[in-house]
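K.L.:
Quick one: sequence plus predicted model below, questions after.
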Amino acid sequence: MEFDILYFAPGLPSHGEKARAAFDDGALVVNGRRIDIPLTEIGVTLGGFNHDQVFLFWHQEEGRHAISPANAAARTQLAASAPAPLSALLRGATKDATRKQRRSRLGLGALGFILALPLLLVGVLIWQSHAIAGWAAGHISIENEQKLGELAFKQATAGMKLRDGGLDAAAIQEIGASLTKGSKYDYKWHVAENPAVNAFAVPGGYVVVNTGLIRAADSAEEVAGVLAHEVQHIEQRHTLKNIVHSLGLRAALALALGDIGGGMLGDMAAQLSELKYSRDLESESDRLGLLALKQAGIAPQGMVSFFDKLGKLEGAAPPALLSTHPASQDRMQALQAMIDQAGAWPAKPLPYDWNVVKAAAQ
């Protein structure tokens, strides 16, 4: 009895490849090919947003392989046809998933109840909406923030040509890693093949940098300044706070409960391209971004020079980055004052020939 699966293996797409599987005479068969692995060496694990996706996995010489039923019918067929060694593991995994889901609903339900009480006062205390949004964001777990980030990232980057390979992507990843040491987030860095001078961050640690921004920069230090600033919007949860503030109680409860439906996700993804940070939040990201540069041993002047470069374009047709990161002269002066106040710190030039990196960003 064959059933539909997603097949994951080295060399296949990260989202898996459609295939067919079955059990034949005590062996797993995928697309008509017997997997030469004893059933006792095949493990069972759970995944997915609600722990409702079953994976059978095993290891071969070239790396980890896994299959997952493509739909509910396939999952039923897998459970019905699995030989005894796997059948017991599947039953245990199903019970474990039920327990996890029950605990998650109870815990998140209690958190949602706690969050709902003060947020109901927003209509009465409208002038305190930013403070309340900050409070709500502070009670949203990192786990749920990362779930939102994963879903919103897919929504926000739909249709984009993203890559995490190449000389320019490697430089972004290396610079970003030096700026996020010790972070509670697992950062993921991507380059978008887009001529717009833009970069954006998604809650949970997703950062996208356009090739247009890489080509507009004159040095690695300028890009490091942008990344340092952008990272602080994630570290300080500015985007999350703004989403909660913009969408109100509905967003706060969805985030707290981890119950993010398609419509809510679409609203949140749309907010990512429309959010404008307040002067206070921009100043905080500048100040903490400079501190991150100092801790990484990167010269700070690149942040000033790049934002100053963008600021000179204000008025006519400013780059997309200016829609969320306004680069006024006052802000440049404030940045320079912060650098002067901090004093010189040990810094070595970043080890990149930026003209070569820019040439790769085509």
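P.N.:
Everything's here; your move. Numbering: from 1, shown residues only.

K.L.:
What ranges in the stretch 101-250 of the chain fall below the confidence cut-off?
P.N.:
101, 104-105, 107-109, 111-139, 244-250 (pLDDT under 70).

K.L.:
cutoff 50 now
P.N.:
Where the stretch 101-250 of the chain drops to pLDDT under 50, the residues are 121-127.

K.L.:
Let me know whether my guess that S14 is in a strand holds.
P.N.:
No - using DSSP: H, G, I helix; E, B strand; the rest coil, the assignment for S14 is coil, not a strand.

K.L.:
let's number from 3 now, not from 1
P.N.:
That works, and once the first residue is 3, the last one we named lands at S16.

K.L.:
any idea how far it lies from T159?
P.N.:
Separation of S16 from T159 (Cβ to Cβ, to the nearest Å): 14 Å. The C-beta positions use only the backbone N, C-alpha and C, and glycine is treated the same way.

K.L.:
likewise H231?
P.N.:
21 Å.

K.L.:
So between these two, which is more surrounded?
P.N.:
A count of neighbours by other Cβ atoms under 10 Å puts H231 above the other of H231 and T159, at 26 against 18.

K.L.:
For the nearest residue to that one once chain neighbours are set aside, which residues are in contact?
P.N.:
Once flanking residues are discounted, H231 sits nearest to G291: 4.1 Å by Cβ to Cβ, 6 or more residues apart in numbering. By Cβ atoms under 8 Å, 6 or more residues apart in numbering, the residues touching G291 are 227, 230-231, 233-234, 305.

K.L.:
a markdown table please, covering those and showing distance to A72 and secondary structure.
P.N.:
Converted to a markdown table, the contacts of G291 look like this (distance: Cβ to Cβ, whole Å; DSSP: H, G, I helix; E, B strand; the rest coil):
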| residue | distance to A72 | secondary structure |
| --- | --- | --- |
| G227 | 45 | helix |
| A230 | 42 | helix |
| H231 | 42 | helix |
| V233 | 37 | helix |
| Q234 | 41 | helix |
| M305 | 47 | helix |
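
K.L.:
May I ask which helix or strand encompasses I236?
P.N.:
helix 222-237 (DSSP states H and E).

K.L.:
Show the secondary-structure elements that that helix is packed against.
P.N.:
For helix 222-237, the packing partners by 3 or more Cβ pairs under 8 Å, 6 or more residues apart in numbering; DSSP states H and E come out as helix 169-181, strand 201-204, strand 208-212, helix 213-218, helix 281-298, helix 303-313.
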